[in-house]
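**Q** next one to model:
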Amino acid sequence: MDSPLPILSLSAVAGAAAVFPKLQARLALSRAKHRSLGGHSKMSRMVARVIPFYEFDINDFFAADGAPASVATQRQDGFFGLARLYEERFAKGRKLTAEAAAHISDLQFTEAYRVPFQFSRLVREHLGTGAFMQSSAGVTVTDLDGNVFYDLTGSYGVNIFGNDFYKACIESAEKRAHSLGPVLGPYHPVIIENVRRLREISGLDEVSFHMSGTEAVMQAVRLARYHTRRSHLVRFAGAYHGWWGDVQPGVGNPVSPHETYTLADMSERTLHVLRTRSDVACVLVNPLQALHPNVNAPSDSALVDSSRSGRLDRSAYAEWLKSLRTICTERNIVLIFDEVFVGFRLAAGGAQEYFGVRADMVTYGKSLAGGLPVGVVCGRKDLMRRFRDDRPVDICFARGTFNSHPYVMMAMDEFLNRLAEPEFRAVYSELDETWDARARQLNDLFVSRDLPVRVSNLSSIWMVRYTEPSRYNWMLQYYLRAEGLALSWVGTGRLIFSLNYSDADFTEVAARFANAAAKMKQDGWWWHETSLTNKNIRRRILKEMLTKRRQR
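**A** Numbers count the residues shown, from 1 in each chain. A predicted model of the protein is given here:
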C-alpha cells in the first residue's frame, strides 16, 4: 500500500502557498500603519477604556511636576489672581454658560475637555469660560459683558474673509431669496449658476448638495464604494473627516468599523498597500494634515507635555499627493480631497490648486455658503451617478430635507460672486508670504522675550508648540483670553485668522500674545528642573495611573 505521507506533504505545501499571500498582505497592511495610537484604532480604543479617572486636589494641582513649595505657591497665587479677573470681567457670560450647560450636552463636553482631565475640575470651578458672544465687527467679537476680543477662532474654519463679509452675504441672500422663502423640494434657479462655478473651481463634472461637511464626505465615500464595487476606505492617521463612524474608527466612536484602513501619511509602505490590495474603494485626504502629518488635531485637553509639533513642508506634501494620484489612477481607486475645513482659505481654487494635484472627488463646506451650513460633493460624471442603467433597483441613495435650501443657495451665490471679484482675488496674492512673515514676527518676539512658545502655520491656520518640557502649557489659553484673544474650545491647539487681518491688527495680536506668555512665565508655570524631559513627564503620568488602578 502506498504511503499517504507524500500526498499529505503536497497538501500542506499547497495550503501554505494559499495562506502565504494573505499573510504577506496582512503584514504589509500592519507595516503601513503609523507607529502611534493614532495609527492603531483598536489599540487606542483599548487604551482609552483602561485609563482610570483621577484628579488633583489643590495641593497636588500646582506641583504635579514636582515643583518646590515656593513655585507651587507662586502658581497658586497666579491662578487665583486670574480667577478673580475672570469673575469680574466675564460674569454675565459665565453665569449664562453655566445655566445653559445643565441642558446642552455639547457644552458639558467642551467645558469638561478644555484641559487634561486631572486638572479639569478646579479649572472649571475657577476659570470657567463664556460660550456666548453678543456681536462681531471686523476681526473682533464682543461678549455679553462688553469685552472686545480679537477673533482667533475663525468660526471653526468658516470665517475666511471676515465677519462683516459673511454678514453682508447672509443679509443680501435673505433679501434675494425672500420671494420664494423656505420652500423645499423645488430648486431656486440660482443653483444653476452655483453649479457652473463649482464645476469650474473643482475641475469636475457634477455637483451634489448636502447639509454639512460630514454628510458630503459620507456621500463621496458611499459613491466611491458603489462605483468601484469595493468595500474599504483608506484614511490617514490623525486626519479628521467628520464624526461619522467609518472615518473615526478610534477613540470617540463606540462601534469599531470593519471596512476602514487607517494608514500612515507620507509613507512608502502605504503606497505599497494601495498598489497591491484589491479591496480599496477610495483614499480620503484632509489637506490640513500637511501641517502635522499623522497627528490628531491638536487640542489643549491632550496637552500633557511639550511634545506637540508641526511644520509645513509644502513641496514634500505636494509630492506625496502626486504619488497618491498616480497610484489611485493605476489601481482605479477614487482619490477624495476633503476640503471641508481648508475650503478656499489656501487658494481661490482650494487645496487642489494649492498643491497642484487633481482629485476624483472633492468635498466642500463651511465657508462656501457665505456662513450658512452646507456640504458639497463635486466629482467625475462616472462617479456621481446614483443608479445603474442595467440594474434598475441597484441604486446609491442620498437625499436630505434641507439640501439646496433657497437661502443657502443664495448665500452661496453671494459668496462665489465676491470670490470672483478682483479685490478678493487679490487677497490670495502672496498669501503664504504674508502669513509666514507674521508667524516669524511672532516667533521672533517670543525669542526676544525668552518665552518657551513658538507657532507653526499652514497659511492662516496656526498651531502653538512649546520648547521646554511642562505639564502646564494648557494654562496659556486662559492668559490669552485675559489679554482679549478669543479662542475656540481646543484652546491653543488651533488658531484660525480671517484673511482681512491688517498688519496693524496682527501687530496688536502679537503683542497681546507675547504679554500673555510673559505673565504665565512670571507666575511660575514654566518652571522646571533641568533634568525634566517630556519622557519623564509621561512616565510620571503613567505612574499616577497605575497607582490609581491599584487603589481600586
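
**Q** quick one: low-confidence ranges for the chain?
**A** 1-19, 552 (pLDDT under 70).

**Q** what about 80?
**A** Scanning the chain for pLDDT under 80 picks out 1-21, 552.

**Q** now the strands for the stretch 151-300 of the chain?
**A** 206-210, 232-236, 260-263, 280-285 (DSSP state E, counting those that start in this stretch).

**Q** let me have those in JSON lines, extended by distance to Arg418 and mean neighbour count.
**A** Glycine gets a C-beta too; all of them are placed from N, C-alpha and C. Below are the strands of the stretch 151-300 of the chain laid out as JSON lines (distance: least, CB to CB, whole Å; neighbours: other CB atoms under 10 Å):
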{"stretch": "strand 206-210", "distance to Arg418": "19", "mean neighbour count": "22"}
{"stretch": "strand 232-236", "distance to Arg418": "33", "mean neighbour count": "24"}
{"stretch": "strand 260-263", "distance to Arg418": "38", "mean neighbour count": "22"}
{"stretch": "strand 280-285", "distance to Arg418": "27", "mean neighbour count": "25"}
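
**Q** would you reformat the ones you listed as TSV and include distance to Ser155?
**A** Listed next are these as TSV, based on distance: least, CB to CB, whole Å:
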stretch	distance to Ser155
strand 206-210	19
strand 232-236	25
strand 260-263	29
strand 280-285	23
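
**Q** what about the residue nearest the centre of the chain, distance to Asp436?
**A** Nearest residue to the geometric centre of the chain (CA atoms, centre = their mean): Ala297, 4.7 Å. Between Ala297 and Asp436 the distance is 21 Å, computed by CB to CB, to the nearest Å.

**Q** Ser120 - how many residues pack around it?
**A** 18 (other CB atoms under 10 Å).

**Q** now it: phi and psi?
**A** phi -60, psi -40 (degrees, to the nearest 10).

**Q** OK, contacts around it?
**A** Each residue near Ser120 by CB atoms under 8 Å, 6 or more residues apart in numbering is listed here: 55, 112-114.

**Q** the residues you listed, buried ones only, as a PyMOL selection?
**A** Applying 16 or more other CB atoms under 10 Å to the contacts of Ser120 leaves a buried subset, and the PyMOL line that selects it is:
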select buried, resi 113+114
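
**Q** correct me, but Arg199 touches Cys378?
**A** Yes - the criterion here is CB atoms under 8 Å, and Arg199 meets it with Cys378 at 7.0 Å.

**Q** looking at these two, which one has more neighbours?
**A** Cys378 (28 against 14).

**Q** that one and Tyr472, how far apart?
**A** Taking CB to CB, one finds Cys378 at 45 Å from Tyr472.

**Q** can you add distance to His241 and secondary structure and give the contacts of Ser120 back as CSV?
**A** Listed next are the contacts of Ser120 as CSV, based on distance: CB to CB, whole Å; DSSP: H, G, I helix; E, B strand; the rest coil:
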residue, distance to His241, secondary structure
Glu55, 33, coil
Ala112, 24, helix
Tyr113, 20, coil
Arg114, 24, coil
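
**Q** hmm, back to that, distance of the residue nearest to the centre of the chain from Glu330?
**A** Noted for Ala297: a distance of 31 Å to Glu330, by CB to CB.

**Q** same check, this time on Lys366
**A** Relative to Glu330, Lys366 is positioned 33 Å away (CB to CB).

**Q** among those two, which residue is more densely surrounded?
**A** More crowded of Lys366 and Glu330, by other CB under 10 Å: Lys366, with 26 against 10.

**Q** who's in contact with the nearest residue to the more buried one once chain neighbours are set aside?
**A** Nearest non-adjacent residue to Lys366, counting by CB to CB, 6 or more residues apart in numbering: Val158, 4.5 Å away. Val158 sits next to 166, 366-367, 371 when contact means CB under 8 Å, 6+ apart.

**Q** from those, which two are the most distant?
**A** Tyr166 and Lys366 (10.8 Å; CB to CB).

**Q** residues in contact with the nearest residue to Phe236 once chain neighbours are set aside?
**A** Once flanking residues are discounted, Phe236 sits nearest to Asp265: 4.1 Å by CB to CB, 6+ apart. Contacts for Asp265 (CB under 8 Å, 6+ apart) come out as 34, 236-239, 289, 293-294, 320.

**Q** list phi and psi for Asp265.
**A** Dihedral angles (degrees, to the nearest 10) for Asp265: phi -70, psi 140.

**Q** ditto for Tyr150
**A** The phi/psi pair for Tyr150 (degrees, to the nearest 10) is phi -70, psi 130.

**Q** ditto for Val464
**A** Main-chain torsions, Val464, degrees, to the nearest 10: phi -100, psi 140.

**Q** so what's it closest to, chain neighbours aside?
**A** Closest residue in space to Val464, ignoring its immediate chain neighbours: Thr492 at 3.9 Å, by CB to CB, 6+ apart.
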